[in-house]
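Enquirer: Need coordinates for the following:
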Amino acid sequence: MTLNRSPIYAKNEINKVENEENKIAIFIVSYFLVQILNLSSKHIFPIPLEYYSLMSISFGLILVVTFLRSFSIVLNRSLKAFFTAEGITLILFLTSALMQNAESSLLYENFIWAALISVPLGVYAFSINNKEYLYNMFLKFSFLMSTLLILMIFLGNNIGVYSMSFSYALLLPILFHVNEWLNSKKMKYLFLSIIQIALVLLYGSRGAILSIFSYIVFKFLFSKVSIAKKLSLLLFSITIISILYLNYYTIGNFILKALAERGYYSRTLFLLFNSDITNDAGRMEIFRYYLNLVGERPIIGWGIMGGWLGKGQGPHNMVIELLLSFGVIFGGIITLLTIMIQIRIIYVKDKFTRDLILIFMSSSFVLYFISGDYIQKPSFFILVGLLLSTFRRKKKKFASRVE
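Expert: Numbers count the residues shown, from 1 in each chain. As a prediction, this is how the structure comes out:
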């Protein structure tokens with residue numbers, strides 16, 4: 001039965017929905033903003049180390065406030081999803097604790113992080129019905145994030161020093177700006193993207209560059225342009241890459257010399273132009289060590305964080321991490337499902353949902369190869385939430401229910 005409602009009633013309801021969507025989006029974005037505020041302020045201002053913990057807690061209160069403002073809305077929309085996700089998390093960590101293969105402190109710390117940060121962010125991403133609100137919220141705050149990180153580089157107490165945390169913090173703003181330039185062709189986004197990518201090349205890590213490159217590849221593969229246009233772009237790219245390859249060392253020496261004359265040093269560019277960009281920084285030894293552990297318990301695995309050498313000393317590879325935790329069979333199934341669910345993007349028609357999945361898929365790309373520790377990476381949980389939300393039955397828009 002169609003209800004006759006006044007325009008004022010309809011407008012109030014639409015405003016209510018918009019307000020709810022924005023509250024959920026603000027919590028997700030505030031996580032990344034708080035991270036950047038915490039990181040940049042400690043580098044820009046001469047703050048004693050003993051106050052670092054207090055600062056982190058103070059910034060964390062922003063996250064708590066945005067969480068509480070939207071928690072009831074999320075429960076109203078995704079009650080089963082929230083408690084199912086939290087329940088699975090609890091069971092997995094309890095099982096690992098009973099297996100006694102992981103350090104108690106490491107297990108406890110990661111459970112708290114997963115239960116209070118990673119899982120809620122994933123459920124919040126799942127709960128937003130109109131992903132345009134989340135996309136626009138990220139884009140709005142991306143300028144502030146970029147500004148803080150650029151100030152950190154030029155005004156910080158470690159000016160010109162290699163910083164992995166800087167490059168990964170700047171990664172999402174870069175991906176949003178590149179995506180927006182490709183969509184709108186506005187020059188301000190191209191200008192920002194070039195500056196930010198240059199800063200990552202100078203001071204950041206190879207992992208962030210790999211994520212940016214993977215985004216460009218994914219954007220190209222999953223774009224809806226014609227096959228002919230894709231082939232033309234591919235041919236053009238091959239031509240440019242061939243020219244660069246033939247003049248590889250000449251270009252590399254010129255860039256490194258020019259940087260050196262101005263007092264700059266880029267670890268990433270140095271490795272790239274000295275044919276050492278694939279240097280694994282000891283990761284192959286780590287991979288072999290943990291693969292041997294997988295072989296020792298191929299059926300049941302070691303449990304979450306089981307067999308880890310210590311904090312930050314896990315497998316550095318998500319696939320190995322899953323096999324180590326759950327065994328070859330269940331770990332393999334989870335890995336396969338994780339990869340297969342991302343193919344879902346082919347069937348996503350909503351522009352904003354598609355773009356968000358592409359961005360978070362790219363930012364999580366290094367997890368599969370050189371990073372790992374997925375429990376500590378909320379971007380991965382947000383990606384899963386976004387992907388799972390595409391399977392939900394779409395609710396009719398409010399406007400279609402009123403006259």
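Enquirer: pLDDT on the one helix or strand Ile359 maps to, on average?
Expert: If you go by DSSP states H and E, Ile359 is part of helix 351-363. When pLDDT is averaged along helix 351-363, the result is 92.
Enquirer: Please, where are all the helices along the stretch 151-300 of the chain?
Expert: Taking DSSP state H, counting those that start in this stretch, the helices of the stretch 151-300 of the chain run over residues 164-184, 187-203, 206-221, 227-246, 248-261, 267-273, 283-296.
Enquirer: and Phe381, what is it in contact with?
Expert: Taking C-beta atoms under 8 Å, 6 or more residues apart in numbering, we find Phe381 in contact with 118-119, 121-122, 125. In this view, the C-beta of every residue, glycine as well, is placed from N, C-alpha and C.
Enquirer: for Met305, same thing?
Expert: Neighbouring residues of Met305 by C-beta under 8 Å, 6+ apart: 96, 102-103, 106-107, 110, 314, 325.
Enquirer: What about the residues you listed, which are in helices?
Expert: Using DSSP state H, 96, 106-107, 110, 325 are the members of the contacts of Met305 that sit in helices.
Enquirer: Now do the helices in the stretch 1-150 of the chain.
Expert: 7-44, 52-99, 104-113, 119-127, 131-155.
Enquirer: picking up where we left off before, and which of the contacts of Phe381 is nearest Leu68?
Expert: Leu68 has its nearest neighbour among those in Leu121, at 14.7 Å by C-beta to C-beta.
Enquirer: any idea how far the closest one lies from Asn22?
Expert: Distance of Leu121 to Asn22, computed by C-beta to C-beta, to the nearest Å: 16 Å.
Enquirer: more crowded one of those two?
Expert: Higher neighbour count among Leu121 and Asn22: Leu121, with 22 against 15, using other C-beta atoms under 10 Å.
Enquirer: pLDDT wise, what is that one at?
Expert: So Leu121 comes in at 95 (pLDDT).
Enquirer: That one reaches Gly385, doesn't it?
Expert: Yes - counting by C-beta atoms under 8 Å, Leu121 does reach Gly385; the two are 7.4 Å apart.
Enquirer: Tell me how far Tyr108 lies from Ala115.
Expert: 11 Å.
Enquirer: mind putting the helices of the stretch 1-150 of the chain in CSV, distance to Ile197 included?
Expert: CSV is the format used below for the helices of the stretch 1-150 of the chain (distance: least, C-beta to C-beta, whole Å):
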stretch, distance to Ile197
helix 7-44, 17
helix 52-99, 27
helix 104-113, 30
helix 119-127, 26
helix 131-155, 12
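Enquirer: Nearest approach to Ser362 belongs to which of these?
Expert: Of all these, helix 131-155 sits nearest to Ser362, with 13.8 Å by C-beta to C-beta.
Enquirer: counting contacts, what elements does that closest one pack onto?
Expert: When contacts are defined as 3 or more C-beta pairs under 8 Å, 6 or more residues apart in numbering; DSSP states H and E, helix 131-155 packs onto helix 7-44, helix 164-184, helix 187-203, helix 351-363.
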